[in-house]
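Colleague: following is a predicted model, sequence given first.
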Amino acid sequence: MFETLPAKQPDAILKLMMAFREDPRADKLDLGVGVYKDENGATPVMKAVKSAEGKLLQDQDTKAYVGPLGSPAFNQQMITTVLGADADTTRLRCAQVPGGSGALRVLTDLLVSARPAATIWLSDPTWPNHIPILTAGGAKLSSYPYFDASSGKVTVDAMLETLSKAAKGDIVLLHGCCHNPTGADLTHEQWTAVFDVMKSQGLMPFVDIAYQGFGDGLEQDAWAVRAMADALPEMVVAASCSKNFGLYRERVGAAIVLGRNAAEADRALANLSTIIRSNYSMPPDHGANVAERVLTDDALSADWRDELEAMRVRMQSLRAKFADALRKRTNSDRFDFIAGQKGMFSRLPLTPEQIESLRTENGVYIVGDGRINVAGLPNDSAELDQLAENIAAVL
Ligand code: LMR
């Protein structure tokens, strides 16, 4: 029977990750998949995570089921981390889910079930996996313009113009911070203009926040999602612990719902629980248990925040150094935008042929749309300069 299935390829990011692993060259450079790397090119387990895992091994006394919604303490901590200590918890509910992708999928199911006729608007461009995840959930998709490749900035007027024509009740997927793949975020003023249009059009936000702590800081990066919770009556949020806790393979995330009132929030959570039960039944425990231990222990939490901040600062300094190297090598300011962008990614204005040439000739792995993982940039200034030279050569 399987002969009836269509041939399938992994998505562009995963395909690149596999091609990199198979490349025998010692001097290859991975700027592909969004995984943080330290100055040695490693992705170590964060210290607070390692310590919490040690404690878990010591004192965990059962592996009995937790339940479809996961741990209440983890969920409460995630609400506080994303929406702040002052959030109106009477209207907020949270489910522990397998990663940010798991959150996106179960929330899509919830939204499609609540409002089947609604269109979900995605930024153009967006994280490539948004489209298959939301499509698998049965969502009708459309896109709003977002990015001007030549300036590296958000095309906010075009975005507002498109959203002002969306139908009442439509849903808008917004990257809470550190836009993937562009690294271009809205300013506070621009966010406020987006909220105004959404309010007047009756649009609902679906926020994807996978990089909290990688842009301006853990609290600062939550500004938009918190402001949205104040400005708009309802919202759903897909949050991830993959990047900021480095828990990638453990699959830890949170699906958060803000209802108009407590009864509607409860109704949404009960529906989410049913969706989860009929899908994967219950989330994995280990990673969420570890994140919960970190977040509920003052010393571990302080240690985690410090390490996360050091990662953020390192990426920011790599941005500045890379923009500088490119300015020198290309004798132009066309890549200056990299220095001011946020989070793990920037999108270089390169053609598919230029990207292909960098991979085959220089062993430099860049996603096909020009996205680079800033954390993968070489720490060594001679190597960084060589990379800038290679890029200048293909232009
Ligand atoms: C990325 O964008 O590279 C990450 O979110 C990893 C992934 O699953 O695509």
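Modeller: That came in fine, so what should we check first?

Colleague: contact residues of this protein facing the ligand?
Modeller: Residues of the chain lying close to the ligand (Cβ under 6 Å from any ligand atom) are 13, 33-34, 127, 129, 180. Placement of C-beta: from N, CA and C, glycine included.

Colleague: just the ones in helices from these, please.
Modeller: Judged by DSSP state H, those include Ile13 as members of helices.

Colleague: which of the residues of the chain next to the ligand lies closest to Arg293?
Modeller: Gly34 (24.9 Å; Cβ to Cβ).

Colleague: how about the contacts made by the closest one?
Modeller: Counting by Cβ atoms under 8 Å, 6 or more residues apart in numbering, Gly34 makes contact with 13, 180, 243, 344-345, 373.

Colleague: which stretches of the stretch 101-250 of the chain aren't confidently modelled?
Modeller: Within the stretch 101-250 of the chain, no stretch falls below the threshold (pLDDT under 70).

Colleague: show me where it has its helices.
Modeller: For the stretch 101-250 of the chain, the helices defined by DSSP state H, counting those that start in this stretch occupy 130-136, 156-163, 188-201, 223-231.

Colleague: elements contacting the shortest one?
Modeller: Just to be clear, that refers to helix 130-136. Helix 130-136 is packed against helix 99-114, strand 119-124, strand 140-145, with contacts defined by 3 or more Cβ pairs under 8 Å, 6 or more residues apart in numbering; DSSP states H and E.

Colleague: what's near enough to touch the residue nearest to Asn75 when sequence neighbours are not counted?
Modeller: Closest residue to Asn75 apart from its sequence neighbours, by Cβ to Cβ, 6 or more residues apart in numbering: Cys94 at 3.8 Å. Contact analysis of Cys94 by Cβ under 8 Å, 6+ apart lists 69, 75-76, 78-79, 254-257.

Colleague: try 10 Å this time
Modeller: 69-70, 72, 74-80, 82-83, 103, 237, 239, 254-257, 269, 272 (Cβ atoms under 10 Å, 6 or more residues apart in numbering).

Colleague: likewise for Leu29?
Modeller: Per Cβ under 10 Å, 6+ apart, neighbours of Leu29: 20, 23, 41, 358-359, 362-366, 372, 376-378, 383, 386-387, 390.

Colleague: please narrow those residues to those residing in strands.
Modeller: Within those, residues falling in strands by DSSP state E are 364-365, 372.

Colleague: closest to Thr108 out of those residues?
Modeller: Of all the ones in strands among the contacts of Leu29, Thr108 sits closest to Ile372, with 28.3 Å by Cβ to Cβ.

Colleague: and that closest one, how many neighbours?
Modeller: 26 (other Cβ atoms under 10 Å).

Colleague: ok, Gly152 next?
Modeller: Gly152: 22 neighbours (other Cβ under 10 Å).

Colleague: OK, contacts around the residue of the stretch 151-300 of the chain found nearest the ligand?
Modeller: The minimum distance from the stretch 151-300 of the chain to the ligand, using Cβ to the nearest ligand atom, falls at Asn180 (5.3 Å). By Cβ under 10 Å, 6+ apart, the contact set of Asn180 is 34, 123, 125-130, 208, 210-211, 343-345, 347, 371.

Colleague: quickly compare the helices of the stretch 101-250 of the chain and say which is most buried.
Modeller: helix 223-231 (a mean of 19; mean count of other Cβ atoms under 10 Å).

Colleague: the longest helix in the chain is where?
Modeller: helix 298-330.

Colleague: coming back round to it: and which of the contacts of Asn180 is nearest the ligand?
Modeller: Gly34 (3.0 Å).

Colleague: quick one: pLDDT of that closest one?
Modeller: What the model reports as pLDDT for Gly34 is 92.

Colleague: and the gap between it and Thr187?
Modeller: 23 Å (Cβ to Cβ, to the nearest Å).

Colleague: kindly report the same for Ala263.
Modeller: 36 Å.

Colleague: and if you look at Asp385?
Modeller: Relative to Thr187, and taking Cβ to Cβ, Asp385 is found at 32 Å.

Colleague: which of the two has more neighbours?
Modeller: Asp385 (18 against 11).

Colleague: start to end distance for stretch 159-172?
Modeller: 11 Å (Cα to Cα, to the nearest Å).

Colleague: ok, now stretch 113-124?
Modeller: 25 Å.

Colleague: any idea how far that stretch is from the chain center?
Modeller: 19 Å (Cα atoms, centre = their mean, to the nearest Å).

Colleague: one more: stretch 22-40?
Modeller: For stretch 22-40, the distance to the chain centre is 20 Å (Cα atoms, centre = their mean).

Colleague: check which residues of that stretch are buried.
Modeller: 29-37 (16 or more other Cβ atoms under 10 Å).

Colleague: export the residues you listed as JSON lines, with columns for distance to Asp306.
Modeller: As requested, those are arranged in JSON lines below (distance: Cβ to Cβ, whole Å):
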{"residue": "Leu29", "distance to Asp306": "28"}
{"residue": "Asp30", "distance to Asp306": "26"}
{"residue": "Leu31", "distance to Asp306": "26"}
{"residue": "Gly32", "distance to Asp306": "28"}
{"residue": "Val33", "distance to Asp306": "25"}
{"residue": "Gly34", "distance to Asp306": "22"}
{"residue": "Val35", "distance to Asp306": "20"}
{"residue": "Tyr36", "distance to Asp306": "15"}
{"residue": "Lys37", "distance to Asp306": "19"}
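
Colleague: strands along the stretch 201-350 of the chain, start to end?
Modeller: In the stretch 201-350 of the chain, the strands defined using DSSP state E, counting those that start in this stretch lie at 204-209, 235-240, 253-258, 345-347.

Colleague: out of the ones you listed, deepest packed?
Modeller: Ranked by mean neighbour count under mean count of other Cβ under 10 Å, the strands of the stretch 201-350 of the chain are led by strand 253-258, which reaches a mean of 28.

Colleague: remind me what that one packs against, helices and strands.
Modeller: The contact analysis (3 or more Cβ pairs under 10 Å, 6 or more residues apart in numbering; DSSP states H and E) places strand 253-258 against helix 72-83, strand 92-97, helix 99-114, strand 204-209, helix 223-231, strand 235-240, helix 262-277, helix 286-295.
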